[in-house]
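[1] here are the coordinates; sequence isn't available:
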């Protein structure tokens, strides 16, 4: 086995962990908003729950049952999206009241952070969907060193840690 396959797996896992984290933030904040525990303010898209889902939530007998129904239905709805690219992350967070997250969290450096994260996500997508094939040399896998993988993971980690304080 080539060690670069482990590096690819680590890069993919880092992006998956980030996606999972943002799904959790949107789920928690969305449930709080839906159940009236958080103020709804600012620009919000609709989340698009079906009438049957809404019925299940509002007819739940206990507050605990209502919370479980809300979590189940919102999680199922969010499961149709990924929150990996910078724009998708911003849209998802804006949905639950965290607007302008890139500028707020990174100030004038927001563009550079978004570009760095976008490159990591693009590489993740090439690994997952195209077997990391080198676009300039078909049939050859794009090299990935331990340093490259660690840099990518560090980019994801520092991005999430910085944004976390605004969520």
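    Received it, and whenever you're ready, just let me know what you need. None of these values were measured; they are calculated from a predicted model. Numbers count the residues shown, from 1 in each chain.

[2] which outside residues touch stretch 12-27?
    By CB atoms under 8 Å, 6 or more residues apart in numbering, the surrounding residues in contact with stretch 12-27 are 71, 74-75, 78-79, 82-84, 89, 92-93, 95-96, 98, 120-121, 124, 127-128, 152-153, 156-157, 159-160, 164, 167. C-betas here are computed from N, CA, C, even on glycine.

[3] in that stretch, what's buried?
    12, 14, 15, 18, 19, 21, 22, 23, 25, 26, 27 (16 or more other CB atoms under 10 Å).

[4] before we move on, what about stretch 95-108?
    95, 96, 97, 98, 99, 101, 102, 105, 106.

[5] phi and psi next, for the residue located most distally from the centre of the chain.
    No residue in the chain has its C-alpha farther from the mean C-alpha position than residue 61, which lies at 32.2 Å (CA atoms, centre = their mean). Backbone torsions of residue 61, given as degrees, to the nearest 10, read phi -80, psi -50.

[6] report pLDDT for it.
    Turning to residue 61, the model gives it a pLDDT of 93.

[7] same thing with residue 149?
    So residue 149 comes in at 97 (pLDDT).

[8] now the helix or strand containing it, how far from the centre of its chain.
    Using DSSP states H and E, residue 149 sits within helix 146-164. Here helix 146-164 is found 14 Å from its chain centre; the criterion is CA atoms, centre = their mean, to the nearest Å.
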